[in-house]
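[1] Give me a 3D structure for the following:
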Amino acid sequence: MTAAATTALDHVRALAAEQLARDGWSRDRLLAHQQDRLRALLAHARERSPYYREVLDPQAALAALPTLSKATLMEQWDRIVCDDRLRLADVVAHAAGPDAAEPLHGEFQVFSTSGASGLRGLFVYDARDWAIALAGTLRGVARCGVRPGARTVGIGAPPGAHMSARIFAALQAASPEAPRLSALTPLDEIVAALNAYQPQFLLGYPSVGALLAAEQLAGRLRIAPTRIGFGSEPLTAEVRERARAAWGIDPVEYYASTELPALGTSTPDHPRALELFEDLAIVEVVDGDGRPVPAGTAGAKILLTNLESCTLPLIRYELPDRVTVSPEPNPAGRPYRHLAAIEGRTADTLTFPARAGGAVALLPLRLGAPFARMPAVRQFQIVHDRAGLEVRIVLDAAAPADTAERVRRAVLGVLDEVGAVAPPLRVEPVAALEREPGAAAKLKLIVAR
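    Numbering: from 1, shown residues only. I've put the predicted structure just below:
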């Protein structure tokens, strides 16, 4: 590492230590900190952004302020951004260019996302904002007991304008010998690189984790990580069970988005309690009409206010994530709320006619539940189109001959349990599943056409 890079990493680690210290705060102190940061953000936005100067009422409570959709963000981008050096046309060109992974104007990190809606979003972080965001990720890693210098490998998006690639590169910056891998790297190359490097901490998409667990169980992958963490795609019961079978540990879950790299994480002691980093953001869980839902009830979306994004302020920004805040106290004793479930995104919901009339909605986690009991299915994807449902499955080499029929019966069983009228259903074994086009290279469990 260069001297400048070492200094920058030391600064991020110091910020992460400050954030970790907040774990010992009371809930009242955390909420007071939230309000202080919110007041500063609103004042900054009104001063520097023509858009926010028009729409923000300085006397109004947060819940009374307008929400910000991705469509509005992109339409008003040049009036929302708070740095005169930035214009959307330049940011678009940078994100599409060969130097997308490098800072724009030597300072601004640029990220692109299509998201569930297919509408492209462009997000920028200046050096301050990005250091705080990276520190949030390091805090989550430190909570897992991973110390600086641990052999860490992250497998996410390929290099470019997607955030996971930049995050994982930062986590591996102190270990230049660590392999640089992505979800698009051929599986045999990933296996060979991991066998050679022997990572202690493995991060990545759940879909990649499931494949690696299968390789471990088959004896081709031979690693012994002490911690594993999955996120950015739905973490199903199937993937959890395969990880436990392969490595004897329960994966922690991280909740991240391009709009805030570290929304929250779980920990090894409480792997199902995903704590929200409420010192960095205010998360409102609401129904389809934007009304708050009580803890224990799944929302239709969240409204995210990133308290530390001053370059491109995101105030009550709409994310179509279906999450449920737990009504129980945080089992770790920290002051943050935690999520009982991340069910997917609203756009991933499949709707079927109900036998009793009306409609039944199903999310990826519910439809994918039976696959936790089918180790012969390495991966699955459900495509819903006018012809019905097509379940695409990647099978283990030793899969029984009746696996496809067992999958068909299991999916029909889920539809029957929820009272849905089953559409025509076909199960198609395939050699590999197609990942999303574009920078993220994620794997969508549900594809609606």
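
[2] pLDDT below threshold where in this protein?
    1-6, 114-119, 159-162, 174, 344-349, 363-365, 368-369, 372, 436-443, 449 (pLDDT under 70).

[3] how is it carved up into domains?
    Here the domain parsing of the chain from automatic domain parsing is 1-345, 349-448.

[4] In JSON lines, list those along with mean neighbour count.
    In short, each C-beta sits where N, CA and C put it, glycine included. Shown next, in JSON lines, are the domains of the chain (neighbours: other CB atoms under 10 Å):
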{"stretch": "domain 1-345", "mean neighbour count": "18"}
{"stretch": "domain 349-448", "mean neighbour count": "16"}
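
[5] For Thr265, see how far away the spatially most central residue of the chain is.
    In the chain, the centroid-proximal residue (CA atoms, centre = their mean) is Ser232; its distance is 2.8 Å. Ser232 is 12 Å from Thr265, where distance means CB to CB, to the nearest Å.

[6] shared neighbours of the two, which are they?
    Residues touching both Ser232 and Thr265 by CB atoms under 8 Å, 6 or more residues apart in numbering: Tyr254.

[7] just to revisit the earlier point, hmm, the residue nearest to the centre of the chain is touching Thr258, no?
    No. Counting by CB atoms under 8 Å, Ser232 stays clear of Thr258, with 9.9 Å between them.

[8] the strands in the stretch 1-150 of the chain, which residues?
    Along the stretch 1-150 of the chain, counting by DSSP state E, counting those that start in this stretch, strands occupy 109-113, 121-125.

[9] Would you mind saying which of those lies nearest Asp78?
    Asp78 sits nearest to strand 121-125 of all the strands of the stretch 1-150 of the chain, at 11.1 Å, using CB to CB.

[10] Now do the closest one against strand 109-113, angle only.
    Put simply, strand 121-125 runs at 160 degrees to strand 109-113, going by axes from the mean of the first three to the mean of the last three CA atoms, to 10 degrees.

[11] show me where the stretch 251-400 of the chain has strands.
    Counting by DSSP E, counting those that start in this stretch, the strands of the stretch 251-400 of the chain are 252-257, 260-267, 270-276, 281-286, 301-306, 317-319, 321-325, 338-345, 350-353, 359-362, 377-385, 388-395.

[12] ok, residues contacting the third one?
    Right, strand 270-276. Contacts for strand 270-276 (CB under 8 Å, 6+ apart): 250-253, 255, 263-267, 283, 326, 330-332, 334, 336-339, 342.

[13] Can I get that strand in PDB? Just the C-alpha atoms.
    In PDB, the C-alpha atoms belonging to strand 270-276 read as follows (Å, rounded to 0.1, in the frame of the first residue of the first chain):
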ATOM      1  CA  HIS A 270     -27.100 -13.500  17.300                       C
ATOM      2  CA  PRO A 271     -27.000 -14.300  13.600                       C
ATOM      3  CA  ARG A 272     -30.700 -13.800  13.100                       C
ATOM      4  CA  ALA A 273     -30.900 -10.400  14.700                       C
ATOM      5  CA  LEU A 274     -29.900  -7.900  12.100                       C
ATOM      6  CA  GLU A 275     -29.200  -4.700  13.900                       C
ATOM      7  CA  LEU A 276     -29.800  -1.400  12.100                       C
END
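
[14] and it, which strands flank it?
    Paired strands of strand 270-276, with direction, are strand 260-267 (antiparallel), strand 338-345 (antiparallel) (DSSP bridges).

[15] Quick one: closest of those strands to Gly413.
    strand 338-345 (19.6 Å).

[16] what's next to the closest one, contact-wise?
    With CB under 8 Å, 6+ apart as the criterion, strand 338-345 contacts 116, 234-235, 253, 255, 264, 266, 273-276, 296, 298, 320-326, 328, 330-331, 363-366, 445-446.

[17] and it, C-alpha only, in CSV?
    Listed next in CSV are the C-alpha coordinates belonging to strand 338-345 (Å, rounded to 0.1, in the frame of the first residue of the first chain):
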residue,chain,number,x,y,z
HIS,A,338,-33.1,-5.0,14.9
LEU,A,339,-34.9,-6.7,12.0
ALA,A,340,-36.8,-9.9,12.4
ALA,A,341,-36.8,-10.5,8.6
ILE,A,342,-35.8,-9.1,5.3
GLU,A,343,-38.3,-10.7,2.9
GLY,A,344,-37.0,-9.2,-0.3
ARG,A,345,-38.1,-6.3,-2.5
